[in-house]
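Enquirer: Everything below, folded, please.
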Amino acid sequence: MSAIFGVWKKNHAPLAPALEAIENALCEWRCDTRATWHAEKIGVGARVLYTTPESQHERIPFTHPAFPHLVLVADAWLDNRAELCDIFQISHSERATICDSELILRAYVKWGDACADKLRGEFAFALWDAPRERWYCARDLMGFKPLFYFDSPQLFCFASDVRGVLACPGVPQTLDEGMLATYLVASTTTAEKRRTFYQNIFKIPPAHFLVVTRPAAQLARYWHPDDAPTVSLPTRDAYAERTRELLERAVADATRTNFRVGAHLSGGLDSTTVAVLAARQVRMRGEMLHGYSWSPSPHRRNMADEDERAFIEMVCAQEHITPRYLEYTVDDAIKIQTRDMTRVPREMALREEQVQEASARENIRIMLSGWGGDELLSYSGRGYLPDLLRRGEWGKLRAEMARRIPKNFRGAERARAYGSLFRRQMVWFLLPDFIWAIHSPYGGRRIQTKYIRPEFFRQQRAAIESLRDPLARDFPNVRVTQSVRLEHGHLSRRMESWATHGAKRGIVYRYPLLTREIVEYALGLPPELYYDAGFSRAVLRNGTRGILPETMRATRTKAEPLAIGIVGDILSHATYALYEQTRPRFANHPATGYINVAALQAETNARKLAWTRSAPFLSALSCFYLQLEPGESLWEK
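Expert: Okay, the predicted model is just below:
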């Protein structure tokens, strides 16, 4: 992705040093062209990585003779270019050289603050409106591209990477101790989509725009899952056809590039659907798709029954995809844990960084992922049966339950199956939150206080309660459950991490299952479509007839026992190795003000730490690797 950044010196202080400092902090972001520009009180810059044919016509910053008072920097890949060109009456002969920045600028001129809602695709941008003396910044629907900012009475600055904002002179580097405490007790701050680990440095959340004027900054939302309209088609076959059309269009948009394309490979429906359609797209222009799996090579390790690699090999043979299997080491895990997590994201970094390294060696620039399918198009349909029960639709409920019980079950076996279904798929969904908090299959909301200093925990307890992830539960309604999962923050957190790490290798991610068309379509579907003929995830299964092998469409599980076992073994060894590496820092590092070192030592000496419970332990050790500028300390008051 491209890096964008900018500064507004409200007090008319010199601009050039600030722009230079920000760009230096982003120097590892690969680019094809770069530039900075500044006027009297504002300055912008970008490190542009070409992706689409039109991106090679980008200008930094973008201005237009018809609108000389507007200045724009954007990291964008728009999918509704044709529609926008029609609206702006741009001739067909000009469209090939019209960059996405010009379409965004024209959208702002036409629709003002509502312009972000008119754009489709992936984008983050900032626009200076000189006559109104204000910035308009926006981020796409799902948060594919991050955008950080700081605002004070003297200074406003923004950047695609938090390190850019931190590098700007005048931005204080004050740790947000509430965020750190939450991370230590919960090993995640996934739900928090705006705050960072630094006070007064924020992210623009997905589907939001930010207006910054001299006196204030105002954040507003332009889209919500409740906005998705209801979808109504005459037959299940019509839904299947519509699903296929949307999938093919989304993948075609994601592969509209002059560069080499790669895709994730797994035994699951989501990534495989994307990979197959992408392989067919790039093959039409005489190229082959490169696929990357988190599993080890089948030639080095035997495949077990229902191993996902068997499906990967089947699909690769069918679609002429070149597969790449990856290996991980203890050193890889330690390298990730010893980065400053306040500046460098680490969500799903262990396995995906190996994908990025391998794809960079093969000059892959566009990486496709099936991330987001589980929440939407391939959702299981959980919540539909209890919704029928709650609404008293007994006829439908009886019919739906009968469809879920194997026809060969008889007598007591059939009665037990009905009882199990009633408990697991209906009664459980109707239980109150306090029971879910204790017994949730997703882990409840328990916090791990063993490795945090008690006094620090007591000081930050209120902040922890407000920041930690919401209760993970299912609701007796399909759309409500989907909307809650969409709002949770785990989707954007992973995409932000992959975008940042991919940037230094010149890799841009696309997520075809999270386009706005597909998101709204999945949210608006009748809930009964998600289960059909004894199979959950029926919307995607039915929509991929002729795309996926029939044996894969009919499988009920995606097993990767060897891959999970290898990761577990690596994390287990890495935990103890990292402890030994970190132990000399316990004596005088300021992190001891936060971390219960005695608990770390006792746990390690007892050798009780299973890798499945190692996340809080590793989070605590990571605090001893926060990287500071010389002479600075985050802990100084």
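Enquirer: pLDDT at the residue lying farthest from the centre of the chain, what is it?
Expert: Computed with CA atoms, centre = their mean, the residue of the chain farthest from its C-alpha average is Gly411, at 47.3 Å. We have a pLDDT of 90 for Gly411.
Enquirer: go on, Arg556?
Expert: 66.
Enquirer: what does Asp32 give?
Expert: The model's pLDDT for Asp32 equals 95.
Enquirer: Give me the spatial nearest neighbour of it, chain neighbours excluded.
Expert: Leaving aside its sequence neighbours, Asp32 sits nearest to Tyr50 (CB to CB, 6 or more residues apart in numbering; 4.8 Å). Bear in mind the C-beta positions are built from the backbone N, C-alpha and C, glycine included.
Enquirer: Can you report how many residues lie near Asp474?
Expert: Neighbours of Asp474 under the rule other CB atoms under 10 Å: 21.
Enquirer: on that earlier part again, quick check: the gap between the residue nearest to Asp32 and Val478.
Expert: Separation of Tyr50 from Val478 (CB to CB, to the nearest Å): 41 Å.
Enquirer: Those two: which has the busier surroundings?
Expert: Taking neighbours as other CB under 10 Å, Tyr50 and Val478 compare with Val478 leading, 26 against 20.
Enquirer: show me what contacts the closest residue to that one other than its chain neighbours?
Expert: Take Val478 and drop its neighbours on the chain: the residue closest to it by CB to CB, 6+ apart is Pro527, 3.8 Å away. By CB atoms under 8 Å, 6 or more residues apart in numbering, the contact list for Pro527 reads 381, 383-384, 387, 477-479.
Enquirer: longest strand anywhere in this protein?
Expert: strand 67-78 (DSSP state E).
Enquirer: State the next helix or strand along the chain beyond that strand.
Expert: Toward the C-terminus, strand 67-78 is succeeded by helix 81-87 as the next helix or strand (DSSP states H and E).
Enquirer: Please save the CA atoms from the next helix or strand after that following helix in PDB.
Expert: The C-terminal neighbour of helix 81-87 among helices and strands, as given by DSSP H and E, is helix 92-95. The C-alpha atoms that make up helix 92-95 are tabulated as PDB, following Å, rounded to 0.1, in the frame of the first residue of the first chain:
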ATOM      1  CA  HIS A  92     -14.200   7.000 -22.200                       C
ATOM      2  CA  SER A  93     -11.000   8.200 -23.900                       C
ATOM      3  CA  GLU A  94      -9.800   9.900 -20.800                       C
ATOM      4  CA  ARG A  95     -10.700   7.200 -18.200                       C
END
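Enquirer: So what touches helix 92-95?
Expert: 81-82, 85.
Enquirer: how far does it sit from the chain's center?
Expert: Averaging C-alpha positions (CA atoms, centre = their mean, to the nearest Å) puts helix 92-95 34 Å from its chain's average.
Enquirer: same deal with stretch 505-516?
Expert: Here the centre of stretch 505-516 is set off from its chain's centre by 10 Å, with CA atoms, centre = their mean.
Enquirer: Same check on stretch 142-150?
Expert: 11 Å.
Enquirer: related to what we said a few turns ago, what about the residue nearest to Val478, distance to Gly381?
Expert: Counting by CB to CB - Pro527 and Gly381 are separated by 7 Å.
Enquirer: between the two, what contacts are shared?
Expert: By CB under 8 Å, 6+ apart, the residues touching both Pro527 and Gly381 are Val478.
Enquirer: what's the residue nearest to Phe62 when sequence neighbours are not counted in contact with, if anything?
Expert: Spatially, and ignoring its direct neighbours in sequence, Phe62 is nearest to Ser101 (3.8 Å; CB to CB, 6+ apart). Applying CB under 8 Å, 6+ apart to Ser101 gives the contacts 58-59, 62, 72-74, 76, 125.
Enquirer: Which strand or helix spans Ser101?
Expert: With DSSP H and E as criterion, Ser101 is part of helix 100-111.
Enquirer: now that helix: mean pLDDT?
Expert: Averaged across helix 100-111, the pLDDT comes to 98.
Enquirer: Report the buried residues of that helix.
Expert: By 16 or more other CB atoms under 10 Å, the buried positions in helix 100-111 come out as 100-108.
Enquirer: which helix is the longest one in this structure?
Expert: Criterion DSSP state H: the longest helix present in the chain is helix 561-582.
Enquirer: tell me what it is packed against?
Expert: Counting contacts by 3 or more CB pairs under 8 Å, 6 or more residues apart in numbering; DSSP states H and E, helix 561-582 packs against helix 330-337, helix 349-361, helix 597-606, helix 615-622.
Enquirer: Helix 561-582 and the longest one, what's the angle between them?
Expert: In terms of direction (axes from the mean of the first three to the mean of the last three CA atoms, to 10 degrees), helix 349-361 departs from helix 561-582 by 100 degrees.
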